[in-house]
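K.L.:
From the sequence below, what's the structure:
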Amino acid sequence: MTVVKVGLAQINSRVGDLKANAAKILDAARWAHGQGVDLLATPELTLTGYPAEDLFLRDEFIRRHDAAFEQLRADLAALDSAMRVVVGHVSRIDGKLYNVASVVGEGRVLACYCKHELPDYGVFDEERYFSTGREPKVFEVKGLRFGLNICEDAWLPSSPAMAAAHGAQVLLVLNASPYSTDKQRLRFEQVGAHVRGMTAVYVNKVGGQDELVFDGASFVLDPEGEVRARLPVFQEAYGLVELDERGLPVNSVYSAAGEPSQPATGQWPPTLEQVYGALKLSLSDYMAKTGFSKVVLGLSGGIDSALVLAVAVDAIGASNVRTVMMPSRYTADISQADALEMARTLGVAHDEILIGPLADGFDAALAPLFSGLQADATEENIQARIRGTLLMALSNKFGSLVVSTGNKSELATGYCTLYGDMAGGFSLLKDVPKTMVYALSRWRNERSPVIPERIITRPPSAELRPDQTDQDSLPPYDILDGIIERYVEHNQSIQQIVEAGYAPETVAQVARLIRLNEYKRRQGAVGPKITSRAFGRDWRMPIANGYRD
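P.N.:
As a prediction, this is how the structure comes out:
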């Protein structure tokens, strides 16, 4: 029986780092050569990184890309001229730029496929950069016929059908598909529906890139749409699947970094574990790719900063994390005690700065201008802005990344302070609703108890005025998050949300707050996309906006 060994290189590339990305492809090819692989597939745009955005508009970037690709082609030929390597990169053809998959072997490009379907929705802007391919591409390895698709192509029926019509028995799908909580199921559904009759080899990139995090989770489907192999989530890995002369999978293994080969047929982790892994990877990759080695965060004794601290320690180690407690006259003693307990449990550096005297100084300076006016949110916001200023001072002095701790529920409704608790370089929980913050905290404590139980069970409070709780200003979080999910992620109208059982006045209040606080969100730090629609690249509402739902 003729067996074709197909390798999957689940690579974490860095946008714009052409030399490093080429080295990763070459490392994967060395592994594949050692395994006797006949055909190795890399993810979409591995050589440039994804999304490279307006780098694609720079002629000098394209010129350097072309030089890096030619060098990679020569290096692959020197390693194994018989092995075929499918490289995801760009190509300028007749003056137009294309997102391509090139089959490299024998020291040359044996076939080149130009992506057909260019997504221009959600986080994607590919029509801004690329021209549309029209032709299928089918090539042979040991008599087995392989077709090529790139990401969105396989989410629609026409491109897989064209490959099948030209005799493809196996469809290689190169992907840079970002993570969200239901994305893996959607990939199975879409690819399984459109690639029937062919084996589908789906290789996805892994790693964090600004607001996006890529989960890997590469897989192989047989012609009936059944999963025959899976690579792990949120880590680089190499996979190997053996195909018989009909293109049917007969055996598969994978090897993650530092791990021996094992069967590639296991299950992926459940949702909370995956979200926690996505947060870890997004933070560690953002730091590594932007040059930071340490973080600093305000530890308030509340649930959000507690979860951020746990993720940070798990992602980059306690020695690289610094926490600062900044109590005011309204900070409860238990908040200070719980923050200190958690910092000691995790072994991070912990400091305390009293902000009462600083707030008094601001109040005194503003007193002549505020004479005769009642205290309100202005004075509360000054406290938050003092804390933001102190954290940014520590960032400037010590070169640490400030990780802000606001969650999606707060950012949606504006329950946060611009230039205060929104200050920072990375907003880890930006797309994590408050109810999920609690669920993730409980999940983390089930592994080992690092978050004091009182932080999870006590009513949440910003502690900016006496006896304050979040529910003084907001609906209960289970109700609030349900409305936000429907309004933001599913684009439902106020009427549709009311018909789903929510109180009309509550829905109207939440929708109004979401609209009014667009200006705040536009000035906030980047943070990883976790849900189906995140604030930032996914959500593009005008600030000056006269529309009312």
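K.L.:
Mind telling me what element the residue sitting nearest the centre point of the chain is part of?
P.N.:
By Cα atoms, centre = their mean, the chain has its centre lying nearest to residue 213, at 2.0 Å. Here residue 213 sits within strand 212-215, counting by DSSP states H and E.
K.L.:
same for that strand, what does it pack against?
P.N.:
Judged by 3 or more Cβ pairs under 8 Å, 6 or more residues apart in numbering; DSSP states H and E, strand 212-215 is in contact with strand 206-209, helix 271-290. Backbone N, C-alpha and C define where each C-beta goes, glycine included.
K.L.:
CSV for the ones you listed, including distance to residue 250, mean neighbour count and mean pLDDT?
P.N.:
Output for those, formatted as CSV (distance: least, Cβ to Cβ, whole Å; neighbours: other Cβ atoms under 10 Å; pLDDT from 0 to 100):
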stretch, distance to residue 250, mean neighbour count, mean pLDDT
strand 206-209, 26, 26, 98
helix 271-290, 29, 21, 98
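K.L.:
Going C-terminal from the strand holding residue 213, what's the next secondary structure element?
P.N.:
strand 219-221.
K.L.:
Each with direction, which strands does that next one pair with?
P.N.:
Strand pairing for strand 219-221, using DSSP bridges, gives strand 199-204 (antiparallel), strand 227-230 (antiparallel).
K.L.:
Distance from the chain centre to it, please.
P.N.:
The chain centre lies 22 Å from the centre of strand 219-221; the measure is Cα atoms, centre = their mean, to the nearest Å.
K.L.:
Would you mind finding the most buried of the strands paired with strand 219-221?
P.N.:
Of all the strands paired with strand 219-221, strand 199-204 has the most neighbours on average by mean count of other Cβ atoms under 10 Å, namely a mean of 27.
K.L.:
picking that back up, mind listing what's buried along the strand holding residue 213?
P.N.:
212-215 (16 or more other Cβ atoms under 10 Å).
K.L.:
next one: stretch 131-140
P.N.:
The neighbour-count check on stretch 131-140 (16+ other Cβ under 10 Å) flags 131, 133, 136-139 as buried.
K.L.:
For those, give me CSV that also has pLDDT, secondary structure and distance to residue 38.
P.N.:
Supplementary listing: the buried residues of stretch 131-140 in CSV, determined by pLDDT from 0 to 100; DSSP: H, G, I helix; E, B strand; the rest coil; distance: Cβ to Cβ, whole Å:
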residue, pLDDT, secondary structure, distance to residue 38
131, 98, coil, 31
133, 97, coil, 25
136, 97, coil, 21
137, 97, coil, 18
138, 98, strand, 16
139, 97, strand, 12
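K.L.:
these two touch, right, residue 164 and residue 197?
P.N.:
Yes. Between residue 164 and residue 197 there is a contact under Cβ atoms under 8 Å: 6.0 Å.
K.L.:
When those two are compared, which one has more neighbours?
P.N.:
Taking neighbours as other Cβ atoms under 10 Å, residue 164 and residue 197 compare with residue 164 leading, 20 against 13.
K.L.:
before we move on, which element is that one in?
P.N.:
Per DSSP H and E, residue 164 falls inside helix 158-165.
K.L.:
And residue 100, by the same measure?
P.N.:
strand 96-105.
K.L.:
so what does the helix or strand following that strand touch, helix or strand wise?
P.N.:
The helix or strand immediately downstream of strand 96-105 is strand 108-114, counting by DSSP H and E. Here strand 108-114 touches helix 59-79, strand 84-93, strand 96-105, strand 144-150, going by 3+ Cβ pairs under 8 Å, 6+ apart.
K.L.:
Would you list the strands that the third one pairs with, along with their directions?
P.N.:
Read it as strand 96-105. strand 84-93 (antiparallel), strand 108-114 (antiparallel).
K.L.:
Name the residues that touch stretch 61-72?
P.N.:
With contact meaning Cβ atoms under 8 Å, 6 or more residues apart in numbering, stretch 61-72 is reached by 16, 18-19, 21-22, 25-26, 47-48, 52, 55-56, 87, 89-90, 92, 97, 102, 104.
K.L.:
Mind checking which of these are buried?
P.N.:
Listed as buried from the contacts of stretch 61-72 are 16, 18, 21-22, 25-26, 47-48, 52, 55-56, 87, 89-90, 97, 102, 104; burial here means 16+ other Cβ under 10 Å.
K.L.:
picking that back up, partners of the residue nearest to the centre of the chain in the sheet?
P.N.:
residue 208.
K.L.:
wait, isn't it in contact with residue 280?
P.N.:
No. Using Cβ under 8 Å, residue 213 is not in contact with residue 280, being 9.6 Å away.
K.L.:
picking up where we left off before, what would the helices and strands packed on strand 212-215 look like in JSON lines with distance to residue 71?
P.N.:
As requested, the helices and strands packed on strand 212-215 are exported to JSON lines (distance: least, Cβ to Cβ, whole Å):
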{"stretch": "strand 206-209", "distance to residue 71": "23"}
{"stretch": "helix 271-290", "distance to residue 71": "22"}
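K.L.:
To residue 82, which of those lies closest?
P.N.:
Smallest distance to residue 82 across the helices and strands packed on strand 212-215 (Cβ to Cβ): 27.9 Å, for strand 206-209.
K.L.:
ok, residues contacting the closest one?
P.N.:
For strand 206-209, contacts defined as Cβ under 8 Å, 6+ apart pick out 10-15, 49-51, 213-216, 234-237, 281-286, 289, 528.
K.L.:
and if you look at stretch 230-239?
P.N.:
7-12, 28, 31-32, 203, 206-207, 213, 215-220, 229, 252-257, 264-269, 274, 277-278, 280-281.
K.L.:
Residue 359 and residue 456, how far apart?
P.N.:
According to Cβ to Cβ, to the nearest Å, residue 359 and residue 456 sit 29 Å apart.
K.L.:
Equivalent analysis for residue 348, please.
P.N.:
19 Å.
K.L.:
again with residue 188
P.N.:
34 Å.
K.L.:
residues contacting residue 404?
P.N.:
So residue 404 contacts 297, 421-424, 426-428, 524-525 (Cβ under 8 Å, 6+ apart).
K.L.:
tell me which residues form a beta bridge with it?
P.N.:
Taking DSSP bridges as the rule, residue 404 bridges to residue 427.
K.L.:
That one and residue 211: what is the separation?
P.N.:
Distance from residue 404 to residue 211, by Cβ to Cβ: 14 Å.
K.L.:
now residue 282
P.N.:
9 Å.
K.L.:
Please enumerate the shared neighbours of these two.
P.N.:
Jointly contacting residue 282 and residue 211 under the rule Cβ under 8 Å, 6+ apart are 527-528.
K.L.:
CA atoms only: put the strand holding residue 213 into CSV for me.
P.N.:
C-alpha atoms of strand 212-215 as CSV (Å, rounded to 0.1, in the frame of the first residue of the first chain):
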residue,chain,number,x,y,z
LEU,A,212,-6.2,38.4,18.3
VAL,A,213,-5.2,35.1,19.7
PHE,A,214,-4.9,32.1,17.5
ASP,A,215,-5.6,28.7,19.0
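K.L.:
Distance from the chain centre to it, please.
P.N.:
Centre-to-centre, strand 212-215 and its host chain are 3 Å apart (Cα atoms, centre = their mean).
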